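1. turn this into a structure:
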Amino acid sequence: MAEAVESVQDRDGEAARATTGIALLAPLRVRNYRNLWIGQTISLVGDQFKFVALSWLVLTLTGRSGALGTVLMLQAIPRSILMLFGGVASDRLRPRTVMLFSDLFRAVVVGTIAALTATDRITLPAVYALALLFGIVQAFFFPAASAITPELVDARLLRPANALNQMANQIVLVAAPAAAGFLIARVGTAGGFAVDATSFLISALFLLFITAPPRPVRATPQSAWLDLAAGLRLVNGDPLLRTMIIMASVFFFGFAGATFVGLPVLAKGPLAAGPQGLGILFSASGLGALAGTLTAGAFGARRRGLLSTSLVVVMGVFMTLVATTQTVWQAAGLLLFSGAMSGWVGVTFVTLIQQRAPHGYVGRVMGMLMFGIYGLYPVSYALAGWISELTGVRLLFVLGGTMIVLSGLAGLSVRELRSVD
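-> Modelled structure (predicted):
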């Protein structure tokens with residue numbers, strides 16, 4: 001294992017030096033990656049149409065925000081439970097295959113919901129079933145989508161490719177919901193579901209255009225449980241992978257609740273900024289993240305491990321300082337800079353993990369990363385709501401920022417991570 005660790009560290013350093021200054025758009029010259037990026041970007045747009053349509057449909061059917069919470073919970077629970085096996089499936093069947101079947105299945109499910117909505121035969125149980133099915137499919141799709149990029153581009157292009165993936169997601173999150181709301185206001189929620197179903201079919205078509213390189217045949221096939229156990233042993237025995245996955249879990253546990261629960265409460269309560277102020281806060285964070293992503297994709301950096309972990313500590317300090325702000329612009333300034341650091345660290349960490357994981361294990365390793373992030377989201381949300389009600393929202397930012405600082409300090413304490421070039 002020690003020799004393998006040294007070999008992968010060398011590969012990490014060579015990739016970092018080789019990518020210095022490379023053009024951000026260079027991966028799009030690779031036909032396979034270009035097909036992936038176009039298809040997934042279109043699918044991301046469809047996802048936002050589905051989210052707006054689903055939220056509006058549930059509130060229209062029930063008039064209760066609790067029902068919308070139930071829908072989100074039904075989606076989150078199977079996604080969290082099955083995420084590790086999604087990584088196993090990605091390694092056994094290839095990421096492209098898992099993504100293709102996921103897209104086709106979701107196209108059928110969302111198309112059915114669109115038809116039921118258009119004919120006024122939609123019911124709340126049908127919506128609950130949609131959420132449950134989507135959670136199951138996402139558990140398999142997410143690890144595969146994270147594992148496919150290293151198969152399509154070489155190490156020299158992996159960092160800018162990850163930056164392009166993240167950039168597309170951030171731009172879609174800013175632009176697509178408004179377009180979805182505009183369409184749904186004019187043609188109804190069925191139109192939003194129809195757009196999403198169509199986007200899945202388009203994404204599947206672009207996946208068919210991808211010709212992935214051949215994989216070596218596994219000499220001794222084994223059960224999914226044994227494959228999962230092998231992946232867990234690999235991560236547990238590698239200080240770098242183990243530390244980065246633990247860091248991501250702790251980071252997002254503090255970040256998710258403070259951001260998605262804390263910011264709305266802060267804008268409505270202490271800052272008295274209203275919905276416009278809340279929009280400013282989220283936009284500042286999003287614009288910062290986009291800038292950090294573009295920077296990570298366009299320019300290489302030395303001492304990536306030390307720089308990334310140090311930036312995480314600074315981000316935690318900035319999150320804590322949000323608790324002291326008296327105006328929306330003070331908070332927005334902190335979120336802008338912390339968002340930029342988050343975008344850079346996100347691209348860098350994903351690239352490091354993909355480069356570190358041995359061939360044939362990338363799906364399982366990414367599945368563990370996704371499990372560590374998404375599996376704790378529901379707990380983070382629940383605790384954040386309880387803390388903000390019991391003690392006030394400002395303490396929530398102090399606690400969330402402290403968790404982020406601790407995750408960064410944990411990374412700084414591991415020599416293998418600090419020394420990554």
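2. can you list contacts of stretch 183-203?
-> 39-40, 42-43, 45-47, 49-50, 52-54, 56-57, 60, 103-104, 106-107, 110-111, 113-115, 117-118, 180 (Cβ atoms under 8 Å, 6 or more residues apart in numbering). (C-beta placed from N, C-alpha, C; glycine too.)
3. got the domain ranges for this protein?
-> With domains defined by automatic domain parsing, the chain comprises 7-208, 229-418.
4. my guess is residue 71 meets residue 129, correct?
-> No. Applying Cβ atoms under 8 Å, one finds residue 71 not in contact with residue 129, separated by 10.5 Å.
5. if we can go back for a sec, buried ones among the contacts of stretch 183-203?
-> For the contacts of stretch 183-203, a burial check counting by 16 or more other Cβ atoms under 10 Å picks out 39-40, 42-43, 45-47, 49-50, 52-54, 56-57, 103, 106-107, 110-111, 113-114, 117-118, 180.
6. could you measure residue 311 against residue 153, distance?
-> Residue 311 is 25 Å from residue 153, where distance means Cβ to Cβ, to the nearest Å.
7. once you drop chain neighbours, what's closest to residue 360?
-> In this structure, residue 360 finds its nearest non-sequential neighbour in residue 91, 5.9 Å apart by Cβ to Cβ, 6 or more residues apart in numbering.
8. now name the helix or strand holding the one you found.
-> According to DSSP states H and E, residue 91 maps onto helix 65-93.
9. now that helix: buried residues?
-> Neighbour-count burial for helix 65-93 flags 68, 70-72, 74-80, 82-92 (criterion: 16+ other Cβ under 10 Å).
10. could you pull out the helices for the stretch 201-350 of the chain?
-> 224-237, 239-256, 263-268, 274-298, 304-321, 328-356 (DSSP state H, counting those that start in this stretch).
11. surely residue 384 touches residue 395?
-> No. The criterion here is Cβ under 8 Å, and residue 384 misses it with residue 395 at 10.6 Å.
12. so the two - more neighbours on which side?
-> residue 384 (25 against 14; other Cβ atoms under 10 Å).
13. can you give me the distance of residue 381 to residue 262?
-> Taken as Cβ to Cβ, the span from residue 381 to residue 262 is 10 Å.
14. what's the first-to-last distance across stretch 320-329?
-> End-to-end distance for stretch 320-329, by Cα to Cα, to the nearest Å: 16 Å.
15. what sits against the residue lying closest to residue 241 once chain neighbours are set aside?
-> In space, and not counting its chain neighbours, residue 241 is closest to residue 235: 4.8 Å by Cβ to Cβ, 6+ apart. Taking Cβ under 8 Å, 6+ apart, we find residue 235 in contact with 241, 242, 245, 365, 368.
16. pLDDT at residue 235, what is it?
-> What the model reports as pLDDT for residue 235 is 93.
17. just residue 294 next, same as before
-> For residue 294, pLDDT reads 87.
18. identify the residues contacting it.
-> Neighbours of residue 294 in contact, by Cβ under 8 Å, 6+ apart: 24, 163, 167, 343.
19. same list (those) but as CSV, adding pLDDT, neighbour count and secondary structure.
-> As requested, these are exported to CSV (pLDDT from 0 to 100; neighbours: other Cβ atoms under 10 Å; DSSP: H, G, I helix; E, B strand; the rest coil):
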residue, pLDDT, neighbour count, secondary structure
24, 81, 19, coil
163, 91, 26, helix
167, 90, 22, helix
343, 90, 27, helix
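20. between those, which is closest to residue 31?
-> residue 24 (17.9 Å; Cβ to Cβ).
21. only C-alpha atoms, please: export stretch 83-98 in CSV.
-> Taking Å, rounded to 0.1, in the frame of the first residue of the first chain, the C-alpha atoms of stretch 83-98 are listed here in CSV:
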residue,chain,number,x,y,z
MET,A,83,-25.3,5.8,-2.1
LEU,A,84,-22.5,3.4,-1.2
PHE,A,85,-24.1,0.7,-3.4
GLY,A,86,-24.4,3.2,-6.2
GLY,A,87,-20.6,3.5,-6.1
VAL,A,88,-20.3,-0.3,-6.3
ALA,A,89,-22.7,-0.4,-9.3
SER,A,90,-20.6,2.3,-11.1
ASP,A,91,-17.4,0.3,-10.7
ARG,A,92,-19.1,-3.0,-11.8
LEU,A,93,-21.2,-1.8,-14.7
ARG,A,94,-19.3,1.4,-15.8
PRO,A,95,-20.4,4.9,-15.0
ARG,A,96,-21.8,5.5,-18.5
THR,A,97,-24.1,2.5,-18.2
VAL,A,98,-25.4,3.5,-14.8
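22. what sits up against it?
-> 139-145, 147-148, 151, 207, 210, 212, 215, 224, 227-228, 231, 360-368, 370-371, 374-375.
23. how does it look with 7 Å?
-> Outside stretch 83-98, the residues that touch it by Cβ atoms under 7 Å, 6 or more residues apart in numbering are 139-144, 147-148, 151, 207, 210, 212, 215, 224, 227-228, 231, 360-361, 363-364, 366-368, 370-371, 374-375.
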